Structures are given as structure tokens and as C-alpha cells.
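Trainee: Pasting the sequence and the predicted model now:
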Amino acid sequence: CAEYLEQCVSSIFEKSTYDRFEIVIVENNSTTEKIFELYRSLEAQHDNLKVVTFEGSFDFSAICNLGAEQSSGDVLLFLNNDTQVITRDWLERMLVHMNRENLGCVGAKLLYPNDLIQHVGIVVPKWGPAHINELLPRDTLGYFGYLRFPKEASAVTGACLMVSRKNFELIGGFDTEFPIAYNDVDFCLRLRQEGLRVIVEPRAELYHYESVSRGADFDGKEKQVRLQGDLARLMSRYPKLFVEGDPFYNPNLQLGSTHYQLAWKFSLQA
């Protein structure tokens with residue numbers, strides 16, 4: 001997917017008003033010459049960009065850990081290759097939260113190409129992690145303005161996640177026991193176990209062409225079985241959370257929805 005990577009990198013350089021950054025691209029099992037031509041072109045064009053190689057089968061956690069190891073900044077931003085910057089001050093919007101006390105990590109607002117919401121925080125109800133207000137229009141205000149202003153959440157997606165190197169190293173980076181799914185949720189929950197906060201910054205917006213590189217996690221029986229295994233591992237690691245429910249999602253709301261809909265009950269009398 002050279003086209004998506006080129007689009008992602010171009011949007012960073014062309015739209016970002018904050019320019020004190022470096023980009024570390026982690027190559028993993030690409031086979032087309034086109035992608036390697038793009039690597040050479042990007043490295044020739046930008047002094048603050050380099051490509052490193054992760055050997056072995058796809059492992060999101062290990063790939064992110066290698067990228068962090070090969071970078072030099074005090075703040076790390078993990079960004080999928082299938083994203084595209086929308087708001088010019090996205091980095092500043094996320095970086096400002098780094099000054100907060102007890103800040104763990106920061107996530108952004110991600111949109112599908114049709115301008116419907118893909119991610120603006122992750123809720124962890126008893127039945128498993130889910131994206132808040134997914135598929136609502138981009139300009140939706142949300143529950144008490146949730147989609148307009150920074151809010152605390154249990155987790156954010158690893159597709160765009162900012163964390164200080166200090167906190168990244170504090171929890172040992174991403175856990176390779178979650179090579180494909182729920183590694184970002186586990187990452188955030190481990191930060192929260194250290195008393196640190198997870199913040200969603202909806203004023204930092206990017207498009208996310210989700211899963212174009214390697215397909216959806218639920219595409220095919222084998223992937224579905226693996227996904228269920230990862231969910232079981234996550235539940236066994238955080239049993240209290242899955243028993244009591246997400247602390248940032250009111251129990252009076254419908255637990256089968258992430259759209260902040262009121263729960264209601266009725267009974268019939270004979």
C-alpha cells in the first residue's frame with residue numbers, strides 16, 4: 001500500500017504547523033518494488049525520516065516497540081500508515097496535554113473517508129472494547145459535547161496514540177502477548193493502572209482508511225478465532241473492569257450501545 005503511506009507522510013509534511021519531529025517508518029514483509037522505491041524517495045527528500053526493518057511475521061506491538069527504540073524524541077506518536085492528517089494543528093492539540101499531571105497518553109479523532117466517525121475514544125463495557133459514537137457524522141456534538149472537547153476515556157486506538165517516552169518505558173511498551181488485536185487497549189489500561197490518565201483530543205482530526213494494509217481482524221474464520229482468543233486474554237487480565245463495567249460509561253446508559261443512549265425497562269401488570 002505505497003499509495004496510502006505516501007499520502008500519510010505527505011499530509012504530515014504538508015499540513016502540520018508543528019515541524020519539530022522525526023518520522024521512523026517500520027518496514028515489515030513488503031514485497032512490491034514500488035514500496036521500496038517510495039522508501040528511497042522519502043529518505044532522499046527528508047533528513048528527518050528514516051526506514052527501519054522489522055523481521056518476522058506481522059506483530060503490531062513488536063513493530064511499535066522497534067519504532068520507539070529507533071526514535072530519539074521525548075514524545076512518541078504511533079501512527080498507522082493508512083491515516084491522513086486533516087487539521088493543521090493536530091500535533092499541537094495533542095502535545096499540549098503532555099503538560100498535564102498524571103497524563104498517560106493522548107488519542108485523536110479519526111474519521112472514515114465518508115466523514116463518519118471511526119474513533120473518538122474506546123469504551124470497555126462488559127462485552128468487550130468498542131469505539132465510542134462510531135459511524136456518527138463528523139460534526140456531531142455528542143453526549144454533553146463529548147465529541148467537541150477533550151475527555152478522559154479508558155483507552156484510545158493505537159492508530160494514532162501519543163505518549164511520553166518516560167511513560168512508554170515505565171510500562172515496558174506494547175505487550176507482544178497482543179500481537180494483533182487489543183494491544184492498544186491493554187497499553188492504555190496498563191497506563192491507567194499506574195495512576196495515569198488517557199485523554200481523547202477530538203480537535204485533532206485525521207482520516208483513517210482502516211485495515212487497508214492487512215485486512216479486518218474479523219475477516220475469515222481464522223482471524224475471528226484469534227480475535228476471540230485475544231479478547232479472552234484481555235478479560236482475564238482485567239477481570240474487575242469487565243465485571244464492574246467501564247468507569248467512564250454511565251451504567252444507566254444502554255450497555256449494548258456506545259452512543260450514550262438511556263437504558264429503560266418496563267413491566268406488564270396482569
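Mentor: Now that the structure is in, tell me what you want to look at. Numbering: from 1, shown residues only.
Trainee: And the helices in this protein, which stretches?
Mentor: Read by DSSP state H, the chain holds these helices, from start to end of the chain: 2-15, 33-45, 60-69, 90-95, 165-170, 183-193, 221-237, 239-244.
Trainee: Let me see the mean pLDDT of the last one.
Mentor: Put plainly, it is helix 239-244. The average pLDDT within helix 239-244 is 90.
Trainee: for it, which positions count as buried?
Mentor: The neighbour-count check on helix 239-244 (16 or more other C-beta atoms under 10 Å) flags 241-242 as buried. From N, CA and C alone the C-beta is placed, and that goes for glycine too.
Trainee: Same question for the fifth one.
Mentor: Neighbour counts using 16+ other C-beta under 10 Å place 167-168 of helix 165-170 among the buried residues.
Trainee: quick one, what contacts the nearest residue to residue 235 once chain neighbours are set aside?
Mentor: Nearest residue to residue 235 in three dimensions, chain neighbours excluded: residue 242, at 5.0 Å (C-beta to C-beta, 6 or more residues apart in numbering). Neighbour list for residue 242: 124, 126, 235 [criterion: C-beta atoms under 8 Å, 6 or more residues apart in numbering].
Trainee: hmm, which helix or strand of the protein has the shakiest average pLDDT?
Mentor: Taking mean pLDDT, DSSP states H and E as the measure, the helices and strands of the chain show their lowest mean at helix 221-237, namely a mean of 87.
Trainee: for that one, packing partners?
Mentor: Contact here means 3 or more C-beta pairs under 8 Å, 6 or more residues apart in numbering; DSSP states H and E; on that basis helix 221-237 packs against helix 183-193.
Trainee: The helix it packs on: how far from the chain's middle?
Mentor: Distance of helix 183-193 from its chain centroid, counting by C-alpha atoms, centre = their mean, to the nearest Å, is 11 Å.
Trainee: Report the inter-axis angle for it versus helix 221-237.
Mentor: Between the axes of helix 183-193 and helix 221-237, defined by axes from the mean of the first three to the mean of the last three C-alpha atoms, to 10 degrees, the angle is 10 degrees.
Trainee: which other residues reach helix 183-193?
Mentor: Where contact means C-beta under 8 Å, 6+ apart, the residues beyond helix 183-193 that reach it are 60-61, 64, 104-105, 122, 124, 129, 154-159, 161, 163, 167, 171, 174-175, 178, 198, 234, 237-238, 241.
Trainee: for stretch 78-95, same thing?
Mentor: Stretch 78-95 is touched from outside by 1, 4-5, 7-8, 11-12, 15-18, 21, 25, 64, 67, 75, 77, 106, 108, 110-111, 158-163, 201, 203-213, with contacts defined as C-beta under 8 Å, 6+ apart.
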